[in-house]
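Peer 1: Sequence first, then the predicted structure, then my questions.
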Amino acid sequence: MDEVIRLVIADDEALVRSGLRLLLDGTRGIRVVGEAADGAEAAEKARSLRADVALMDLRMPGTSGIEGALLIGGDSTVLMLTSFDSEGDVVAAFDAGAKGFLLKSAPPEQLVDAVLTAARGQAAMSEKVLGTLVSMAGRTVARDPGSPVGTLSDREFTVAALIAEGLSNEEIAERIFVALPTVKTLVSRIMKKLGATNRVQVAVAYLTSG
């Protein structure tokens, strides 16, 4: 039997919470163990109910999803679900420790997949949100010495920026004039230093480091 994923749902609208529970509870090993109406209640329930994932609306009266994510810290993996995908919202969510960012317009199966992905500690986001991140990638990102990105060498930092732009290994090799095996080695080193398991996580780390 597959391991159960314990999920807390946070949204200020009871109807939305009920709909999410109906969709997710009992699906592919997901078990909804609690509901909350704001970020503070979500943090409390995530801790007391030992939730693996907290699925939270970004904007809620009282304590927002961003504040809730900060309160949760590393106790549970946070997945944001919202109607908004502004650059500020996306960056704020990941800065607060969220592992995923999904729009409420996402197909049901994508939401299920996102919960499962977040439960594994991996980044999960809709294509539209990923597009928002990619659109930010062309801008100059400051390298914070205190962040994991600050540990990257100059060449690794350049490759991380190109990953954030959505380039493949082959395209990166052409852009920086090195052999493909060299790029693969650089990508592997970057992922190890950032604790990333995929290119999306590298992009998120790069874009939220400044």
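Peer 2: Received, thanks.

Peer 1: Can you give me the neighbour number for I72?
Peer 2: A count of nearby residues for I72, using other Cβ atoms under 10 Å, gives 25. Quick note: C-beta positions are derived from backbone N, CA and C, even for glycine.

Peer 1: Nearest residue to it in space, please, no chain neighbours.
Peer 2: Excluding its sequence neighbours, the residue lying closest to I72 (Cβ to Cβ, 6 or more residues apart in numbering) is A43, at 4.8 Å.

Peer 1: Could I get the contacting residues of the one you found?
Peer 2: A54, G68, L71, I72, D75 (Cβ atoms under 8 Å, 6 or more residues apart in numbering).

Peer 1: go with 6 Å
Peer 2: For A43, the contact set (Cβ atoms under 6 Å, 6 or more residues apart in numbering) comprises G68, L71, I72.

Peer 1: for this protein, what's the longest helix?
Peer 2: Counting by DSSP state H, the longest helix found in the chain is helix 180-194.

Peer 1: if we look at stretch 187-205, which residues are touching it?
Peer 2: F94, Q122, A123, L133, P148, V149, T151, E156, A160, I163, A164.

Peer 1: Hmm, which of these is lowest in pLDDT?
Peer 2: Within those, pLDDT reaches its minimum at L133, with 68.

Peer 1: Now do the host helix or strand of E170 and helix 180-194, the angle between them.
Peer 2: For E170, the host element (DSSP states H and E) is helix 169-176. If you take axes from the mean of the first three to the mean of the last three Cα atoms, to 10 degrees, helix 169-176 sits at 100 degrees to helix 180-194.
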